[in-house]
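Trainee: got a sequence here, can you build the structure:
(one chain, ligands or ions: 2)
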Amino acid sequence: MLSKEDNELLTRVSNGAPMGRMLKQHWWIPAAVSEKLVADGAPQRVRLFGENYVAFRATDGKVGFFDEACPHRGASMALARNEDNALRCIYHGWKFTVEGVTVEVPTQPQNEAEYCKHVPLKHFPVREEAGVVWVWLGEGDTPPKFQNFAFVGLPSANVVAYRQKVKCNWLQGVETTMDSAHLGVLHQSWLVSSIANASVNQAPVYHLVQKPYGFRYAAVRELPNGRSYVRTNAFVLPWYGVISPRRAEDRTRGAMFFSVPIDDENTWYWHISFVTDGEVPYDPYFHPSDRNNWPPATPGTPENNWGQDRDAMRRGHFTGFPQSLGTEDFAVIESMGAIVDRSKEFLGAGDGAVVQVRRGLMAAVREFMEGKTPAFAKHEEIDYAAIRPISGEFDDDTQWKETL
Ligand code: FES
Ligand SMILES: [Fe+2]
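Mentor: Ligands and ions are numbered 1, 2, ... in the order given. A predicted model of the protein is given here:
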């Protein structure tokens with residue numbers, strides 16, 4: 001349970017809210033699907049933290065990232081011409097290079113070059129990794145170090161990223177990523193069909209360890225054969241869930257889920273799947289034809305209970321969302337309301353990881369408000385590539401504890 005004030009501090013990211021300013025200052029933000037940006041193609045609108053931007057791929061393949069509003073009089077740069085490594089606003093023809101330099105102001109026949117130097121175009125540094133455009137939206141000239149997750153630098157065949165828009169606050173997305181207790185309940189029909197080990201349905205015992213990047217935990221289930229079935233996950237601030245592989249032998253595979261604020265009440269729920277030593281095997285479920293729309297079944301609305309299928313439930317499906325586990329997650333987190341009131345909740349033993357997510361974010365935003373760099377944002381001191389969750393059966397506790 002949180003006070004209403006703490007809930008506001010944790011969830012609000014727009015209009016200069018401290019959490020939004022901290023996230024923009026100290027982390028690179030996943031902003032767009034790379035393949036949606038075609039050289040000299042249409043600029044894409046990007047909305048993050050309640051602000052509107054455009055991203056475009058220039059003639060030479062580089063990505064530019066500007067405020068959506070033209071610095072002249074505010075026409076949308078999503079309408080702009082994309083040519084000659086630049087965007088040209090269609091209203092009065094002002095032209096801006098991919099690096100953010102104003103090069104033409106045709107409405108200023110005298111002193112054009114000098115005038116160009118003073119046009120206040122807002123452009124932002126970008127980087128492409130894992131088929132995703134990441135942007136730094138902070139103040140000043142020095143972006144933070146990019147978090148060197150294990151997918152960084154992999155060939156494009158080894159990593160796939162996709163996302164879905166969800167109509168609720170970003171923290172509800174982050175919390176469901178780390179809420180291991182819901183796996184054996186909400187996703188039980190999916191689990192039975194995809195993981196052979198039936199014991200995953202049994203309530204696990206959690207072991208949680210604090211880390212410089214957030215925390216890591218193991219969910220441990222005793223098996224009838226006297227061994228333990230263990231899955232470890234990590235939470236990396238500000239929103240990354242690094243999830244254990246489905247099978248013990250998949251040691252070179254990785255999966256991450258993360259929830260990025262579009263504004264206070266809308267979120268991009270992302271998934272990245274990668275293999276460090278080979279191609280990601282093709283799976284229609286994990287390779288949506290439209291990477292902005294995963295899973296392909298668009299979430300429903302409150303009016304139709306998000307498309308819940310009561311006939312499927314009568315036939316044995318637990319939730320009535322047989323399309324995918326993503327649909328199950330999106331339905332429940334949207335059903336909590338746009339921003340859930342955490343002063344009214346009633347937490348128990350299964351909510352330990354969720355509580356730790358909140359503590360980490362709260363500590364970070366408080367440090368930021370005191371003018372400090374949050375301890376969790378000291379990226380140069382952390383080897384993110386080394387965070388590799390595991391799953392499997394173990395004879396004794398020392399074996400998996402070594403991996404935490
Ligand atoms: S509004 Fe863009 S050039 Fe005038
Ligand atoms: Fe889930």
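
Trainee: every contact and neighbour count from this point should use C-alpha atoms.
Mentor: Fine.

Trainee: is residue 271 in a helix, a strand, or coil?
Mentor: Secondary structure for residue 271, judged by DSSP: H, G, I helix; E, B strand; the rest coil, is strand.

Trainee: model confidence for it, exactly?
Mentor: What the model reports as pLDDT for residue 271 is 94.

Trainee: for it, name its beta-bridge partners.
Mentor: Beta-bridge pairing for residue 271 (DSSP bridges): residue 162, residue 257.

Trainee: OK, contacts around it?
Mentor: By CA atoms under 8 Å, 6 or more residues apart in numbering, residue 271 lies in contact with 161-163, 255-258.

Trainee: residue 268: which of the residues you listed is nearest?
Mentor: residue 163 (6.3 Å; CA to CA).

Trainee: hang on, the closest one packs against residue 273?
Mentor: No: Residue 163 is beyond contact range of residue 273, at 11.6 Å (criterion: CA atoms under 8 Å).

Trainee: what's the neighbour count on the residue in the stretch 101-250 of the chain that ligand 1 sits nearest to?
Mentor: Nearest to ligand 1, among the residues of the stretch 101-250 of the chain, is residue 105, at 7.6 Å (CA to the nearest ligand atom). If you count neighbours by other CA atoms under 10 Å, residue 105 ends up with 21.

Trainee: do you know how far it is from residue 67?
Mentor: According to CA to CA, to the nearest Å, residue 105 and residue 67 sit 18 Å apart.

Trainee: hang on, the earlier thing: which two of the contacts of residue 271 have the greatest separation?
Mentor: Among the contacts of residue 271, the pair separated by the greatest distance (CA to CA) is 163 and 255, at 13.3 Å.

Trainee: look at residue 163 and residue 273 and report which has more neighbours.
Mentor: Remark: of residue 163 and residue 273, residue 163 carries more neighbours, 23 against 19, as counted by other CA under 10 Å.

Trainee: find the nearest non-adjacent residue to that one, please.
Mentor: residue 270 (4.2 Å; CA to CA, 6 or more residues apart in numbering).

Trainee: swap in residue 17?
Mentor: With CA to CA, 6+ apart, the residue lying closest to residue 17 is residue 9, at 7.7 Å.

Trainee: wasn't the one you found part of a strand?
Mentor: No: applying three-state DSSP, one finds residue 9 to be helix, outside a strand.

Trainee: residues in contact with it?
Mentor: Residue 9 neighbours (CA under 8 Å, 6+ apart): 17-19, 362.

Trainee: write the ChimeraX selection for whichever of those are buried.
Mentor: Burial among the contacts of residue 9 is assessed by 16 or more other CA atoms under 10 Å; the matching ChimeraX selection reads:
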select :18,19,362
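
Trainee: could I get the contacts of residue 9 as CSV with pLDDT?
Mentor: Listed next are the contacts of residue 9 as CSV, based on pLDDT from 0 to 100:
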residue, pLDDT
17, 98
18, 98
19, 98
362, 98
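
Trainee: filter the contacts of residue 9 down to the ones near ligand 1?
Mentor: Checked against ligand 1 using CA under 6 Å from any ligand atom, those give no members in range.

Trainee: report whether stretch 70-83 contacts ligand 1.
Mentor: Yes: using CA under 6 Å from any ligand atom, stretch 70-83 reaches ligand 1 at 70, 72-75.

Trainee: report the two of those residues separated the most.
Mentor: Farthest pair in the residues of stretch 70-83 next to ligand 1, by CA to CA: 72 and 75, 7.9 Å.

Trainee: sorry, back to before: JSON lines for the residues of stretch 70-83 next to ligand 1, including secondary structure and distance to residue 217?
Mentor: Converted to JSON lines, those look like this (DSSP: H, G, I helix; E, B strand; the rest coil; distance: CA to CA, whole Å):
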{"residue": "70", "secondary structure": "coil", "distance to residue 217": "47"}
{"residue": "72", "secondary structure": "coil", "distance to residue 217": "51"}
{"residue": "73", "secondary structure": "coil", "distance to residue 217": "51"}
{"residue": "74", "secondary structure": "coil", "distance to residue 217": "48"}
{"residue": "75", "secondary structure": "coil", "distance to residue 217": "49"}
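
Trainee: most neighbours among those residues, which one is it?
Mentor: residue 70 (23 neighbours).

Trainee: hang on, that one packs against residue 87?
Mentor: No: judged on CA under 8 Å, residue 70 makes no contact with residue 87 at a distance of 10.2 Å.

Trainee: which residues touch residue 157?
Mentor: Applying CA under 8 Å, 6+ apart to residue 157 gives the contacts 278-280.

Trainee: need the buried ones from those selected in ChimeraX.
Mentor: Here is the ChimeraX selection string for the buried members of the contacts of residue 157, based on 16+ other CA under 10 Å:
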select :279,280
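
Trainee: can you put the contacts of residue 157 in JSON lines and add secondary structure?
Mentor: Formatted as JSON lines, the contacts of residue 157 follow (three-state DSSP):
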{"residue": "278", "secondary structure": "coil"}
{"residue": "279", "secondary structure": "coil"}
{"residue": "280", "secondary structure": "coil"}
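
Trainee: what sits against residue 226?
Mentor: Taking CA under 8 Å, 6+ apart as the test, what residue 226 contacts is residue 395.

Trainee: give me the element it is part of.
Mentor: In this structure, residue 226 sits in neither a helix nor a strand according to DSSP states H and E.
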